[in-house]
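Enquirer: here is a sequence together with a model predicted from it:
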Amino acid sequence: MQLNKSKTISIRPISPFNFDATFFKPDHFTTDDHIYEKGVRWQTMNWEGQMLGIKYEDASPGIKVTVFSIQEPTFEFIESLKNEIIYRYNLNLDLDEFYKLAIKDKLLDIAINELIGMRPGHPSSLYEYLIIGIILQNASVRRSIQMFRNLLSNYGTELEFDGKKLLCLWDIGRFSKIDEQELRDLKIGYRAKSIIKIDQQFSQGLINEFELRGKDLITQKKTLLALYGVGPATVWYLLFDVFHHWEVFEHISPWEHKLYSRLFFNKELLPVEKLMKYINKFGKYKHLAVHYLWEKMWWDRHNGTTFDWLEKEIRI
DNA sequence: CATCAGGGCCCTG
DNA sequence: CAGGGCCCTGAT
């Protein structure tokens, strides 16, 4: 599908702002729906039922956003899209208070110096993130990539914009008439059931992302856990990446356990309580603090530093 | 070749 | 609340 219309908007995030560390997270594994180069990200987006191509460009101190579409977008459409982009990438997040707290910790201070102005955030809607969360479960990174690719190439739509061809996520309800076996044939395994059920719950309107954003943490958590296929590990990701709770840090999965031990104390495996004690120092910003340490590790790897203990764990 | 665990979760007893 | 089963894949 050719996206011939384009409109440019500009966004000025709160300073300091780091374009690359905000628009590219080296540990995010999704493929075929975006391309990143230094200072530029091309990303597809299914917004209000329209399939869009978005090009983000570093235009320091701001961001140039070009929206590619089939139909000429209305003013209201562009406004809501702009607000959504600001929300998803946390462009209005004021990091000052966090930085003041973090400077007391040597490790975190180093990470912040390297990534200053980086926002947490994620390009996906709640619906899309749930699909991602489910294919992460009980699988290595390589296998998760394969599952995502298979889904996107079978059910996504190819969009051509700005000389790039990328796949865009399907509409909610896509799996209403698809039986489980068809998904299983894409090597999704038992996760097929969860994907179909969640798709169904969304299309029946049983869950609404925008309503849920306005609820309190407890309600959000309860609502998410009630979705079929969502448990403590997935909800932990969702509350941070999609609902932007910087303070929630209750769950450490086995592989993260190993990596945090290395990352915080350069030890092979420490008791979870010891790791939690370190993390708890950062109070209402504890997950954000971990995000900075975590992303620093991935950026260092991206830039050529080799951590053998990391390579052993990721197996891409 | 077989066996096993992996960036969990649901269901059963 | 513990533990079995689940899909597939690469490691051993």
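Expert: All right, it came through fine.
Enquirer: can you name the residue of chain A nearest DNA strand B?
Expert: Of all residues in chain A, residue A:231 sits closest to DNA strand B, at 2.3 Å by Cβ to the nearest atom of the strand. Every C-beta, even on glycine, is put in place using the N, C-alpha and C of the backbone.
Enquirer: I'd say that residue and residue A:237 touch.
Expert: No. Counting by Cβ atoms under 8 Å, residue A:231 sits too far from residue A:237 to count as a contact (11.0 Å).
Enquirer: more neighbours, the two?
Expert: Set residue A:231 next to residue A:237 and count neighbours by other Cβ atoms under 10 Å: residue A:237 wins out with 18 against 13.
Enquirer: surely the more buried one is in a helix?
Expert: Yes. Using DSSP: H, G, I helix; E, B strand; the rest coil, the assignment for residue A:237 is a helix.
Enquirer: distance of it relative to residue A:251?
Expert: Going from residue A:237 to residue A:251 by Cβ to Cβ, to the nearest Å gives 9 Å.
Enquirer: what's the helix or strand hosting residue A:193 in contact with?
Expert: Using DSSP states H and E, residue A:193 sits in helix A:191-203. For helix A:191-203, the surrounding residues in contact (Cβ atoms under 8 Å, 6 or more residues apart in numbering) are A:127, A:130-131, A:134-135, A:137, A:147, A:151, A:172-176, A:178, A:180, A:183-184, A:188, A:207, A:227-230.
Enquirer: same question for that helix, mean pLDDT?
Expert: Throughout helix A:191-203, pLDDT has a mean value of 96.
Enquirer: starting at the chain centroid, how far to it?
Expert: 20 Å (Cα atoms, centre = their mean, to the nearest Å).
Enquirer: then it to PDB, C-alphas only?
Expert: The C-alpha coordinates for helix A:191-203 follow below in PDB (Å, rounded to 0.1, in the frame of the first residue of the first chain):
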ATOM      1  CA  ARG A 191       0.300 -18.800  22.700                       C
ATOM      2  CA  ALA A 192      -2.200 -18.900  19.900                       C
ATOM      3  CA  LYS A 193      -5.000 -19.300  22.300                       C
ATOM      4  CA  SER A 194      -4.000 -16.200  24.300                       C
ATOM      5  CA  ILE A 195      -3.600 -14.100  21.200                       C
ATOM      6  CA  ILE A 196      -7.000 -15.000  19.900                       C
ATOM      7  CA  LYS A 197      -8.700 -14.500  23.300                       C
ATOM      8  CA  ILE A 198      -7.100 -11.100  23.800                       C
ATOM      9  CA  ASP A 199      -8.000 -10.000  20.300                       C
ATOM     10  CA  GLN A 200     -11.600 -11.000  21.100                       C
ATOM     11  CA  GLN A 201     -11.600  -9.200  24.400                       C
ATOM     12  CA  PHE A 202     -10.500  -6.000  22.700                       C
ATOM     13  CA  SER A 203     -12.900  -6.200  19.800                       C
END
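Enquirer: buried set for that helix?
Expert: Within helix A:191-203, the residues that count as buried by 16 or more other Cβ atoms under 10 Å are A:191, A:192, A:193, A:194, A:195, A:196, A:197, A:198, A:199, A:201, A:202.
Enquirer: give me the pLDDT value at the nearest residue to residue A:120 once chain neighbours are set aside.
Expert: Counting by Cβ to Cβ, 6 or more residues apart in numbering, the nearest residue to residue A:120 once its immediate chain neighbours are dropped is residue A:291, at 5.2 Å. In this prediction, residue A:291 carries a pLDDT score of 97.
Enquirer: what comes up buried for stretch A:53-63?
Expert: Within stretch A:53-63, judged by 16+ other Cβ under 10 Å, the buried ones are A:53, A:54, A:55, A:56, A:57, A:58, A:63.
Enquirer: tell me the mean pLDDT over it?
Expert: In the prediction, stretch A:53-63 has an average pLDDT of 97.
Enquirer: what comes into contact with it?
Expert: A:3, A:10-13, A:15, A:17, A:19-20, A:23, A:39-45, A:64-69, A:85, A:91, A:159-162, A:164, A:166, A:168.
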